[in-house]
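Colleague: Here's a sequence, model it:
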Amino acid sequence: MYQGQYGSDAKRQFKAAGGDEGAVMTKAAMKRFLQEYPAALNGGVGAVFVGAGMSMAAGYPSWAKLLREIGEEFGVNSRDIHDLAALAQWSIQESGSATRVRNVIKEQIGKDYPVPATLEVIARLPVGHIWTTNYDRLVERAFDTIDRPLDTISGAKDLSLKPKPGAARLYKMHGSVDRLDDIVISTDDYELFRSRRGAFLPLLQSHLTSMSMLFVGLSFTDPNIRHVLSLIRESFTDAPPEHFAIVRPPQPDDFDSEDEFKARLAQHTLWAKDLRRYGLIAVEIDDYEEVPELLRQIERRVAARRIWVSGSWPVEDGGPAPANIYSLAEDVGRWVGKSGRDLVSGAGMLVGSATIAGFLEALRDGGGWDLNRRLVARPFPQPLAGEMPDPARWTALRQELARQAGVVVFIGGGKFDGETIVTAEGVIEEYAIAKEASAFLLPLGASGGAAKEVAELLIGSDVAFAGAYAARPTDEELSLLLDPATERNAILDCVAAIVDRLDKAG
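Modeller: As a prediction, this is how the structure comes out:
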């Protein structure tokens, strides 16, 4: 494979032939993707289509490798055959059944390879609908890892079943390895797709029409996908719905000659432009290893719209603290709701209920009750009198809350130790978990308890306070939020300014 000077010359020649314009378009596509797709996810209209590239990244064979032995039986090389479905069809015709092909799929696709990082991130995103033509169970296993419910639809008849409440849905258009008697593999299966599995098509068309779809690892030569895209094209001849496809342009090191690289690069450029006819915006990367980090940027931007309010305070405290902390937490919850952001809450003592009350009031006043999307509540199970809580279970809940939120506001954080109020270790643990999760740490130190300790820890620390990866307020802001003399309105204004600044930095 050629490298070095040849690659540089080829790239320069490509730019001279119009590549500068392509670079500008690529940058614009990436910017749009990072802005618009997180907004779609936050709006509940983000979907994903997982292609064969994800399976290959995990270690599963390509179609050509999968059917290599079958091809050798016919004296042909599967790499030389463009219609691999026909190769499977020949095998079925010669043997009289699909058993041989199904056994190959069971042996090769039935293995459990490690789940790619890309799918781990996708499982954490607020995606309600995932489509794939893959047989493997990588997506299911990614969801299982974080105990997130998933409804798998691998047969047309499954579409009529009632969805599991709160579960994302996985549509396996070509079937699944655990149902080998009902998979799409041969020419017959493709030609009879509409009569046997056609119920998938109008639903996919509906999602492509009403949602923002992200295509990852997909081959657009798939006949079913191209058919559905053509239906969208027919319905929206002038302005088709727009979607995003992460694609990798040819790289110099991929080819044995400069001429071959230039030819493939020109072909890719034309192909990427052609995708726009279907409303597909090509988001170009240099290496597939960039995809997980790119999706983590999406995850961070989604999380930035989610505010976790961490804290607690004993209601039995006879001083002014409970009332003051309740009012502050309620105001913060009200601000979260009015600002259009989502609330994450573990429903902690006093602080949790106050925050949720303010949040619900804001939604009610605004005429919206979209709680299933905007309120992420994971109440901590409280032990009965005389019993102790389960520390492992509480830690797991805190980790889940940290994964959901991009900003963590700390209010109070105190508990009784005998007759004395001391710092709540649970809130300090939440601070450590949130810091580990790279969340933005926003302690309202004037509320005392753990929030005060966190603010004092952050002042002058090496935790970044500026730029895209800022994780705390400035020292001046922390000092303002620590000062007991700071009025509540000033605290809220400071919080709003900090979070707004984060949005712009993102």
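Colleague: contacts and neighbour counts: CA atoms only from here.
Modeller: OK.
Colleague: Which residue ranges of the stretch 201-350 of the chain form helices?
Modeller: 223-235, 258-275, 291-303, 321-338 (DSSP state H, counting those that start in this stretch).
Colleague: name the helices or strands packed onto the last one?
Modeller: For helix 321-338, the helices and strands in contact under the criterion 3 or more Cα pairs under 8 Å, 6 or more residues apart in numbering; DSSP states H and E are strand 342-345, helix 351-365, strand 407-412, helix 488-505.
Colleague: Contacts for it, please.
Modeller: Applying Cα atoms under 8 Å, 6 or more residues apart in numbering, the contact partners of helix 321-338 are 307, 313-315, 342-343, 350-352, 354-363, 366, 411-412, 447, 488, 492.
Colleague: Same check on the third one?
Modeller: Applying Cα under 8 Å, 6+ apart, the contact partners of helix 291-303 are 34, 37-39, 41-42, 117-118, 121-122, 124-125, 246, 285, 404-407, 506.
Colleague: Just the buried ones from the contacts of helix 321-338?
Modeller: Buried by 16 or more other Cα atoms under 10 Å: 307, 313-314, 342-343, 350-352, 354-363, 411-412, 447, 488, 492, out of those.
Colleague: Looking at the contacts of helix 291-303, which are in strands?
Modeller: Counting by DSSP state E, the contacts of helix 291-303 place 246, 407 in strands.
Colleague: what sits against the nearest residue to A40 once chain neighbours are set aside?
Modeller: Distances taken as Cα to Cα, 6 or more residues apart in numbering place G46 nearest to A40, at 4.9 Å, with adjacent residues excluded. For G46, the contact set (Cα under 8 Å, 6+ apart) comprises 37-38, 40, 126-129, 211-214.
Colleague: do A272 as well
Modeller: Here A272 is in contact with 281-282 (Cα under 8 Å, 6+ apart).
Colleague: Per-residue pLDDT of it, please?
Modeller: Listed pLDDT for A272 reads 76.
Colleague: same deal with G386?
Modeller: So G386 comes in at 65 (pLDDT).
Colleague: Over to A439?
Modeller: For A439, pLDDT reads 92.
Colleague: Do I have it right that it meets V408?
Modeller: Yes - between A439 and V408 a contact is recorded at 6.7 Å, counting by Cα atoms under 8 Å.
Colleague: and the spatially most central residue of the chain, what does it touch?
Modeller: Central residue of the chain (Cα atoms, centre = their mean): L125, 2.9 Å from the mean position. Contact analysis of L125 by Cα under 8 Å, 6+ apart lists 41, 299, 302.
Colleague: Next: V376.
Modeller: By Cα under 8 Å, 6+ apart, the neighbours of V376 are 342-345.
Colleague: tell me which of the residues you listed is nearest to L502?
Modeller: Proximity of these to L502 (Cα to Cα) peaks at D342, which lies at 15.2 Å.
Colleague: That closest one: what's it in contact with?
Modeller: Applying Cα under 8 Å, 6+ apart, the residues contacting D342 are 305-307, 336, 373-376.
Colleague: Low-confidence stretches in the stretch 1-150 of the chain?
Modeller: For the stretch 1-150 of the chain, the stretches with pLDDT under 70 are 1-25, 63-64, 67, 69, 71-87, 90-91, 94-97.
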